[in-house]
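[1] Please work out how this folds:
(2 chains)
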Amino acid sequence: MSTLATNISACPACVAAPVAETIAARRAEREAGIVLSLPTAHCAACISDVERALNTVPGVRSARVNLTQKRVSVAALPSVGAEELVARLAAIGYPAHELDPGLLSTTATDRQGRDLLMRLGVAGFSMMNIMLLSFAVWSGAEAATRDLFHWISAAIALPTLAFSGQPFFKSAWASIRARRLGMDVPISLALILSSAISLFETFEGGEHAYFDAAVSLCFFLLAGRYLDYRSRAAARSAAEELAALEVPRATRLGPEGEAIVPIVDLAPGDLVLVRPGGRMPVDGVVTEGASEIDRSLLTGETLPLYAGPGSVVSAGEVNLTGPLTLRVTAAGRDSSLHRMAELVAVAETARTRYTSLADRMARGYSPSVHILALSSFLVWLYLTGDLRLAVNIAAAVLIITCPCALALAVPAVVTSASGKLFRKGFLVKDGTALERLAEVDTVVFDKTGTLTLGAPAPLGLDGHHARDLAVAAGLAAASGHPLSRALSVALRDMAIAPATIEDLREVPGYGVEGRWQGSLVRLGRAEWLGAKLVEETATFLRIGAADPIAFRFSDSPRIGAAAAVAALQQAGKRVLLISGDAEAPVARLAAELGLTEWQAQALPQEKAAKVTAMQAEGRKVLMVGDGLNDTAALASAHVSISPASALDAARVASDIVLLGQDLSPLPDALRIAVQARRRIKQNFALSLAYNAVAVPVALVGLATPLIAALAMSTSSVTVSLNALRLK
Amino acid sequence: MEMLVYLIPISLILGGIGLAAFIWSLRNNQYDDPDGDGQRILRKDWDDRPKP
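    Numbering: from 1, shown residues only, chains lettered A, B, ... in the order given. Now for the predicted structure:
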């Protein structure tokens, strides 16, 4: 620390420049406001509490909660830091994390959503007006009146279709150019053909015009398209939000002192400072300082390791006690963190080959619609020689078979199911994740940070002497080490008054020492105190020359972990625990949660291999994990879930992110997924049933615009209602 | 039947007003937080006097 101080004071002018720059950069960010993620907000009281609390912070101009996105945006003076706001919210019981507003490209996605909504609204209003006129025609308007109504309908319908139909025309054109027949080709064909034939009929004073059907078709399809967009946008913003959680910066020590730089700017050979509590941004070698590092995110080990000059550290490890200066050996693309992420990317591409139910349906549906319409046209032309009648019938067939209900069937269910899951704390990142989740029969859990909170709690404190506890409390209060903090909190809960310790001093990498009633007392690592190592995570206390006493720790299970495991086992799933941690803590947790199948000290490759082997046996594996050592397994599993506290590589590799602390909704999520898949299938069956009735009517030439409108609307409404039945 | 000369334009104008209102609300970010807006009417913060 002393070299740092001299660095800074030696050249104040040089320091000022980069600092001014970073401040300017932060100001620029602040223009967009501070955005915090609020995973637990869910009701009116939450909105009031959060907004009131934030408005009392000096310098805050306004705070507004967005409950749909579970975020709060704050407009504040540049002097207000996000940490301050997060602390304020934590004090009233709302966990929050800062999001990087630069990464949240809400404006861009919003524009697209708004564009769709505008087209949907225009189509809706036109549909209502045209339907009013059509009712008159259906109920028997004749000759001149009918023609007038058709003309007015045409005047409304044609501009509407030209505006609202654009998304379909564009994507149909794109798929034709790529020589494919997507869902949008028959849709566009139906819209264009039906409005063209209706316009012709209107000119001729004909009896049937399909303007109403064409516009309502456009409306229902846009509704499906919008729902689909909404769930995709939610997934995308979730992914952005998670990426934004980790602001990738590092403190570089240059000749001009400290500078905060993006990680991408670091090069091998640079010196980087990592403060206690910070995560190693790069792979490197320690050149200065002593500390302990927590590797649990990388390996699953809960025991902190000593790090001093010469120790090799990898990106992703957490520095616990003292500041460390690292010489960068590999940064960015070459770092171990990134290599792992690339492994994940490879595994991901293998998984995207999964075809969703909707895709499988569309693949068969699209060509058959074209064939059906074309053959009805040819047959009628051959039978009657009447081109106008043949085109009319072909248009009717296209309108009726149009995948209206199909295009609504999946988005409606997916939106409703993802909404349900979001309220339970699950963020579905991937569109097909729900379908894959529904097929799961085996669940593999990681231990540290997944089934446990990743935060240690002391065991069996009652067994210690009251004097020892008092001294430990006095020493532990002086340290920021996670074990000391946990010990301190536990002792305070036991109402133990800390002993007064003099000359308190933290020895980075080792522990705390001080003087109590004239004798030297130390709390810290076993090596430092000359104690015998125990297998679990432990810290040791030594008073004078007495034998060291061990305080053992265990990681407390996540809330709802036991309930989740029990419910999954009851639902007939095979549940496994595979951890990189030592055998004793894994065995204890397995026993506590009632798990019979477990494996300890598993290397990352072993985890992935085990998952792959089970998949090869035909099992569908759900992997739940949070560490870097889980990422390969997460990516190779059929579907994967990671908690929001996980390392970003793990979150990227997983399909679903658990936002809250509680694990108990997990079995519920599986149940919802199974139900959603059943609803999707039901919806397909429903819309096929409608087609089975309506298509023959259209083929024999009996379909009037009334029948077409009826068939279309009822099938769309039924599938939407069926989707809402999801409990 | 002469009624139609009035009724049809009236229905079209009414529809047009609805559409204009929809476009206005869309441009004013009224659909950004549907869940929050649903909850906000239930809170008691500004029951006595309007928010300044």
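[2] three-state assignment of the most centrally placed residue in chain B?
    Note on chain B: the residue nearest the mean C-alpha position is B:A21, at 5.6 Å, using C-alpha atoms, centre = their mean. Per DSSP: H, G, I helix; E, B strand; the rest coil, the secondary structure class of B:A21 is helix.
[3] Quickly note the distance from it to B:Q30.
    Distance, B:A21 to B:Q30, using C-beta to C-beta, to the nearest Å: 10 Å. In short, each C-beta sits where N, CA and C put it, glycine included.
[4] now A:P309
    Per C-beta to C-beta, A:P309 is found 60 Å from B:Q30.
[5] element containing A:L520, please.
    strand A:519-524 (DSSP states H and E).
[6] ok, the residue in chain B that chain A sits nearest to to A:R230 distance?
    Among the residues of chain B, B:G36 lies nearest to chain A; the distance is 3.4 Å by C-beta to the nearest C-beta. To A:R230, B:G36 is 16 Å away according to C-beta to C-beta.
[7] same question, A:A692
    Distance from A:A692 to A:R230, by C-beta to C-beta: 31 Å.
[8] Compare neighbour counts for these two and give me the winner.
    More crowded of A:A692 and A:R230, by other C-beta atoms under 10 Å in any protein chain shown: A:R230, with 18 against 9.
[9] mind pulling up the phi and psi values for the residue lying closest to that one once chain neighbours are set aside?
    Spatially, and ignoring its direct neighbours in sequence, A:R230 is nearest to A:T415 (6.1 Å; C-beta to C-beta, 6 or more residues apart in numbering or on different chains). As for A:T415, its main-chain torsions (degrees, to the nearest 10) stand at phi -60, psi -50.
[10] How about the contacts made by the spatially closest residue to A:V639 that is not a sequence neighbour?
    Excluding the flanking residues, the one nearest A:V639 by C-beta to C-beta, 6+ apart is A:R436, at 4.1 Å. Taking C-beta atoms under 8 Å, 6 or more residues apart in numbering or on different chains as the contact definition, A:R436 lies against A:354, A:620, A:638-639, A:655.
[11] Columns pLDDT and neighbour count on top of the residues you listed, output as CSV?
    Shown next, in CSV, are those (pLDDT from 0 to 100; neighbours: other C-beta atoms under 10 Å in any protein chain shown):
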residue, pLDDT, neighbour count
A:Y354, 62, 14
A:K620, 88, 16
A:H638, 86, 22
A:V639, 88, 27
A:D655, 81, 27
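[12] Just the ones of those in helices?
    Using DSSP state H, the subset of the contacts of A:R436 located in helices is empty.
[13] Report the two of these separated the most.
    A:K620 and A:D655 (12.9 Å; C-beta to C-beta).
[14] tell me, what's touching those two both at once?
    With C-beta under 8 Å, 6+ apart as the test, A:K620 and A:D655 both reach A:436, A:639.
[15] Just the buried positions in stretch A:257-268, please.
    Buried residues in stretch A:257-268, counted by 16 or more other C-beta atoms under 10 Å in any protein chain shown: A:257-259, A:261, A:263, A:266.
[16] Around the closest residue to A:A63 other than its chain neighbours, how many other residues sit close by?
    Among residues not flanking A:A63 along the chain, A:L54 sits closest, at 3.7 Å (C-beta to C-beta, 6+ apart). Residues lying near A:L54 (other C-beta under 10 Å) number 24.
[17] count of residues packed around the residue of the stretch 451-600 of chain A at minimum distance from chain B?
    Closest residue of the stretch 451-600 of chain A to chain B, C-beta to the nearest C-beta: A:G560 (24.1 Å). The local packing of A:G560 (other C-beta under 10 Å) involves 17 other residues.
[18] pretty sure it is touching A:D662, no?
    Yes. A:G560 is in contact with A:D662 according to C-beta atoms under 8 Å; the separation is 4.4 Å.
[19] Got the phi and psi for the closest residue to chain B within chain A?
    For chain A and chain B, the shortest gap (C-beta to the nearest C-beta) falls at A:L67, measuring 3.4 Å. Main-chain torsions, A:L67, degrees, to the nearest 10: phi -70, psi -30.
[20] Run through the residues that contact it.
    Counted by C-beta under 8 Å, 6+ apart, A:L67 has contacts A:41-42, A:46-47, B:33, B:35-36, B:39.
[21] One more: A:P95?
    So A:P95 contacts A:38-40, A:89 (C-beta under 8 Å, 6+ apart).
[22] of those residues, buried ones?
    A:38-39, A:89.
[23] I'd like those residues laid out as CSV, including secondary structure, distance to chain B and pLDDT.
    Putting the buried ones among the contacts of A:P95 into CSV (DSSP: H, G, I helix; E, B strand; the rest coil; distance: C-beta to the nearest C-beta, whole Å; pLDDT from 0 to 100) gives the following:
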residue, secondary structure, distance to chain B, pLDDT
A:L38, coil, 11, 80
A:P39, coil, 14, 73
A:L89, helix, 17, 86
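[24] okay if I get these as TSV plus distance to A:A144?
    Listed next are the buried ones among the contacts of A:P95 as TSV, based on distance: C-beta to C-beta, whole Å:
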residue	distance to A:A144
A:L38	63
A:P39	64
A:L89	69
